[in-house]
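[1] Kindly generate the corresponding structure for this input.
(one chain, ligands or ions: 2)
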Amino acid sequence: MLIKRPSDILPSEITPEGIYRRRREFIKAAGLLGAGLAAGVSGTHAQAQAGGAKITGFGKSKFSTDEKQNAYKDVTTYNNYYEFGTDKSDPAENSKRFKPRPWTVVVEGEVKKPRTFGIDDLMKLPQEQRVYRMRCVEAWSMVIPWIGFEFNQIAKLVEPTSKAKFVEFVTALQPETMPGVRLPVLDWPYVEGLRIDEAMNPLTLMAVGIYDEVLPSQNGAPIRLVVPWKYGFKSAKSIVRIRFVEKQPKVAWEKAASQEYGFYSNVNPDVDHPRWSQKTEKRLPSFFANHKTQMFNGYAEQVASLYTGMDLKKLY
Ligand SMILES: Nc1nc2c(c(=O)[nH]1)N[C@H]1C(S)=C(S)[C@@H](COP(=O)(O)O)O[C@H]1N2
Ligand SMILES: [Mo]
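    Ligands and ions are numbered 1, 2, ... in the order given. Presented below is the predicted three-dimensional model:
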């Protein structure tokens, strides 16, 4: 996502009313952010939060790509996690006070057995390493070795009813440790959602680690969604609540700018973002577009059948 800084916002820009107002609020709140960040940050430069605890005994997955993996440093210092600020280096710098443990995830809604899981219970589910291509809507990509378990494991434990058509993921809102939420950049807390068949697809992962260690805060500790055939913003970080619901949830970026970001958000080189092309991407750390973007980010074989008969230009 590209959020403009106040100095980049021209009065001549034509924007829908809601976005315009949001930008006005952004400008007003900007002074506040400066002050808040100064108080909250202990380090002086971007540093991976080497939370560091190792995860052992995970299996390898047949779903992994053998493309070259990004370096740990890329994955942990170039992040989108707006609750900690909108610059790529902000999440690593500003998440040091965030407390990812103890943690619980409430699972509720259209299920026969609603349940609250402690993070340690979830860590006991069989974990697997999945090396996935990840494509951000901003046209950059990385290859990341996640550790996690399929979302459908959670569904099996809570038993969705026949009314469960969508799954909503609500993420953490901790104003004391998240300096970015003082700005109305998004309608906090960040909420994402999937159609139930997308959520149940074996590619949909609940990640608890990267490489061989627990997730650093900037990557969505202690547990985040990973949906590799969709733009990165569908992969909600630091999940606290999962709701099985009947109606399609209103999700964060759709609420912020629905003409730019839809509910489905499937990676699709044939549907340009209104402000830029999606045909190519820069595979970090390259500065240049050095990869052709693939339909469903290269995962068409596993997921194309979910969208048979849908007009993906309209349902972007
Ligand atoms: N809660 C929350 N989750 C989020 C975001 C965010 O701002 N807040 N950003 C999204 C975007 S745009 C991307 S590209 C990915 C980035 O994940 P990574 O930093 O672990 O690669 O997280 C997604 N999940
Ligand atoms: Mo993204």
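
[2] and residue 114, what does it touch?
    Counting by C-beta atoms under 8 Å, 6 or more residues apart in numbering, residue 114 makes contact with 106-108, 158. Glycine gets a C-beta too; all of them are placed from N, C-alpha and C.

[3] mind redoing it with 7 Å?
    Taking C-beta atoms under 7 Å, 6 or more residues apart in numbering, we find residue 114 in contact with 107-108, 158.

[4] next one: residue 68
    By C-beta under 7 Å, 6+ apart, the residues touching residue 68 are residue 143.

[5] Kindly tell me how buried residue 55 is, as a neighbour count.
    By the criterion of other C-beta atoms under 10 Å, residue 55 has 18 neighbours.

[6] if I read this right, it contacts residue 128, doesn't it?
    No - between residue 55 and residue 128 no contact is recorded; they are 10.7 Å apart, counting by C-beta atoms under 7 Å.

[7] Nearest to residue 171 among the contacts of residue 114?
    Nearest to residue 171 among these, counting by C-beta to C-beta, is residue 107 at 14.3 Å.

[8] which residues does the closest one bridge with?
    Residue 107 forms beta bridges with residue 115, residue 242, as assigned by DSSP bridges.

[9] Looking only at stretch 93-107, what residues are buried by neighbour count?
    93-96, 98, 100, 103, 105, 107 (16 or more other C-beta atoms under 10 Å).

[10] Actually, stretch 210-222.
    210-211, 213-222.

[11] Ok, stretch 276-287 next?
    Of all the residues in stretch 276-287, those buried under the rule 16+ other C-beta under 10 Å are 278, 281-284.

[12] which bits of this structure sit near ligand 2?
    For the chain, the contact set with ligand 2 under C-beta under 5 Å from the ion comprises 80, 136, 232-233.

[13] run the last query once more with 8 Å
    Proximity of the chain to ligand 2 (C-beta under 8 Å from the ion) is limited to residues 1, 80, 136-138, 231-233.

[14] returning to that earlier point: out of the buried residues of stretch 210-222, flag the one nearest to ligand 1.
    residue 219 (3.9 Å; C-beta to the nearest ligand atom).

[15] excluding its backbone neighbours, what's nearest that closest one?
    Spatially, and ignoring its direct neighbours in sequence, residue 219 is nearest to residue 210 (5.9 Å; C-beta to C-beta, 6 or more residues apart in numbering).

[16] again with residue 276
    Counting by C-beta to C-beta, 6+ apart, residue 276 lies nearest to residue 139, which is 6.4 Å off, once chain neighbours are set aside.

[17] What is the neighbour count of that neighbour?
    By the criterion of other C-beta under 10 Å, residue 139 has 18 neighbours.

[18] repeat for residue 92
    Residue neighbour count, defined by other C-beta under 10 Å, stands at 26 for residue 92.

[19] could you dump the residues of the chain next to ligand 2 to TSV with neighbour count, distance to ligand 1 and pLDDT?
    Shown next, in TSV, are the residues of the chain next to ligand 2 (neighbours: other C-beta atoms under 10 Å; distance: C-beta to the nearest ligand atom, whole Å; pLDDT from 0 to 100):
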residue	neighbour count	distance to ligand 1	pLDDT
1	20	5	62
80	19	4	98
136	19	4	98
137	21	7	98
138	18	7	98
231	26	7	98
232	22	2	98
233	21	4	98
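
[20] Farthest-apart pair in the residues you listed, please.
    The span of those, defined through C-beta to C-beta, is set by 80 and 231 at 10.5 Å.

[21] which residues do those two both contact?
    When contacts are counted by C-beta under 7 Å, 6+ apart, residue 80 and residue 231 are jointly contacted by residue 136.

[22] does residue 312 really touch residue 263, like I thought?
    No - taking C-beta under 7 Å as the definition, residue 312 is not a contact partner of residue 263, at 11.9 Å.

[23] rewinding a little: now flag whichever of the buried residues of stretch 210-222 is closest to residue 176.
    residue 217 (13.9 Å).

[24] so the closest one sits right up against residue 98, yeah?
    Yes - with contact defined as C-beta under 7 Å, residue 217 counts as touching residue 98 (4.5 Å).

[25] before we move on, the earlier item: settle it for me: which of residue 312 and residue 263 has more neighbours?
    Shown here are residue 312 and residue 263; by other C-beta under 10 Å, residue 263 has more neighbours (19 against 16).
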